[in-house]
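Novice: show me the folded form of this:
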Amino acid sequence: MDVLWEFLQVGALGNFSWGNLVMLIVGCLFIYLAVVKDYEPLLLVPIGFGILVGNIPYSEGMNIGVYEEGSVLSVLYQGVSKGWYPPLIFLGIGAMTDFSCMLSNPRLIMLGAAAQAGIFITFFGALAMGFAVNQAAAIGIIGGADGPTAIFLASQLAPEFLGPIAIAAYSYMALVPVIQPPIIKLLTTREERLIRMKPSRPVSKRLRITFPVVAFLLSAMIAPGAITLLGMLFFGNLLKESGVTERLAKTARNALIDTITILLGLCVGTSTDASVFLTPSSIKIFVLGAASFAVATAAGILFAKGMNLVFKDKINPIIGAAGVSAVPDSARVCQMVGAKEDPQNFLIMHAMAPNVAGVIGSAVAAGVFLSSLVE
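Specialist: Numbers count the residues shown, from 1 in each chain. Coordinates of the predicted model:
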């Protein structure tokens, strides 16, 4: 009986806490939302199961936890903590992204830039709530709705908050279909939602090949801190558009990004051990993340409405919501909201322009913070 008692004390029964129960429920909720509601299943299933893995308690010294140096989970987690999973994700995103929608109507780039207001407003909000400047910068990036960028910046500037920032960023990305439609309807009239935009003009192959090279050089010179993320993004896009490296592009946008997504999601989930995750700071981060996402969505919409006061060729302000970096979910939400008003109004290709511009914008914002704050 003594042996049995010692065995039980080493395992979950001897180390279980209310915090573990809360996080196990959260993990099950993530899996439910992914499977039943179809909210970003490629992200929420790995993260949700990772939360389950990370919150089965055990005695210290067993060398199995994500925070125990040398354990298998700790080795896998280095891709998050050292920041090399996100650039590989960006490589795959670049290999599957078509920038033609943005190049055919360059003024829509401004919507992607406007949506980054959520990042900087949240940065100042985090400072006001008592976070250090490095921590505030990492928290602010949540407003870009770009999980890999948030993880990359947090790993460099605020590794102590890496888990909450990563979970917040991916949670709000998954909840795009829930968060954005009410904001869109609140800030637009039915007449505005019915605006039909002119079809996009064709973009030459030469321009599509030249763009990733020129865009990388310009953005890297403006924000050297973004070289890692944008370098991989535009390299992946060049693989796609060059026409001579299709094998590499196919690997990057399929096998590679799928593998890294599995590892990234699982490792982010395992980092949510209740003892380090359920803190007042984590709650503040989630509140700031929700506010930043709402502000970013609103900023894109309001900027589109402002552009309509200047340009004769009107923009449907719905697509301003796609200025956040949640590709392509925000663009799909814009299409869904527009189609409810007019089923024949196809906004998704127009919305993809600010959507991909937002990816670049959030990476540049991260580069600005990194260049300014890293020691």
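Novice: quick check: Ala321 vs Ala136, distance?
Specialist: In this view, Ala321 and Ala136 are 25 Å apart by Cβ to Cβ, to the nearest Å. (Glycine included, C-beta is placed from N, CA and C.)
Novice: neighbour count winner among these two?
Specialist: The residue with more neighbours, out of Ala321 and Ala136, is Ala321; 33 against 23, by other Cβ atoms under 10 Å.
Novice: the more buried one reaches Ile184, doesn't it?
Specialist: Yes: checked against Cβ atoms under 8 Å, the pair Ala321 and Ile184 is within contact range at 5.3 Å.
Novice: which neighbours do those two share?
Specialist: Residues touching both Ala321 and Ile184 (Cβ atoms under 8 Å, 6 or more residues apart in numbering): Thr297, Ile301, Val333, Cys334.
Novice: greatest separation within those residues: which pair is it?
Specialist: The largest separation in these, counting by Cβ to Cβ, is between Ile301 and Val333 at 12.0 Å.
Novice: give the residues shared as contacts by the two.
Specialist: Residues touching both Ile301 and Val333 (Cβ under 8 Å, 6+ apart): Ile184, Ala321.
Novice: neighbour-wise, which of these two wins?
Specialist: Ranked by neighbour count (other Cβ under 10 Å), Ile301 and Val333 place Ile301 first, with 28 against 25.
Novice: how about the more buried one, what does it touch?
Specialist: Counting by Cβ under 8 Å, 6+ apart, Ile301 touches Ile183, Ile184, Leu187, Thr188, Pro317, Ile318, Gly320, Ala321.
Novice: swap in Phe369?
Specialist: Phe369 touches Phe123, Ala137, Ala138, Gly140, Ile141, Leu153, Leu157, Gly225, counting by Cβ under 8 Å, 6+ apart.
Novice: any chance of those in JSON lines, plus neighbour count and secondary structure?
Specialist: Below are the contacts of Phe369 laid out as JSON lines (neighbours: other Cβ atoms under 10 Å; DSSP: H, G, I helix; E, B strand; the rest coil):
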{"residue": "Phe123", "neighbour count": "23", "secondary structure": "helix"}
{"residue": "Ala137", "neighbour count": "29", "secondary structure": "helix"}
{"residue": "Ala138", "neighbour count": "32", "secondary structure": "helix"}
{"residue": "Gly140", "neighbour count": "30", "secondary structure": "helix"}
{"residue": "Ile141", "neighbour count": "32", "secondary structure": "helix"}
{"residue": "Leu153", "neighbour count": "34", "secondary structure": "helix"}
{"residue": "Leu157", "neighbour count": "25", "secondary structure": "helix"}
{"residue": "Gly225", "neighbour count": "23", "secondary structure": "helix"}
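Novice: return the member of those nearest to Val80.
Specialist: Leu153 (12.3 Å).
Novice: contacts only, for that closest one.
Specialist: By Cβ under 8 Å, 6+ apart, the contact list for Leu153 reads Ala137, Ala138, Ile141, Ala366, Phe369, Leu370.
Novice: swap in 6 Å and give it another go.
Specialist: Leu153 makes contacts with Ala138, Ile141, Ala366, as judged by Cβ atoms under 6 Å, 6 or more residues apart in numbering.
Novice: what of Ile257?
Specialist: Residues counted as contacts of Ile257 (Cβ under 6 Å, 6+ apart) are Gly92.
Novice: measure it to Thr97 for me?
Specialist: 11 Å.
Novice: cool, and Asn308?
Specialist: Applying Cβ to Cβ, the value for Asn308 to Thr97 is 27 Å.
Novice: now do Phe131
Specialist: Taking Cβ to Cβ, one finds Phe131 at 33 Å from Thr97.
Novice: who's more crowded, the two?
Specialist: Neighbour count, other Cβ under 10 Å: between Phe131 and Thr97, Thr97 has more, with 25 against 22.
Novice: and the pLDDT for the more buried one?
Specialist: For Thr97, the pLDDT comes out at 92.
Novice: mind listing what it touches?
Specialist: Taking Cβ under 6 Å, 6+ apart as the definition, contacts of Thr97 comprise Asn237, Val356.
Novice: change it to 8 Å
Specialist: Thr97 makes contacts with Leu233, Gly236, Asn237, Lys240, Val327, Val356, Val359, as judged by Cβ under 8 Å, 6+ apart.
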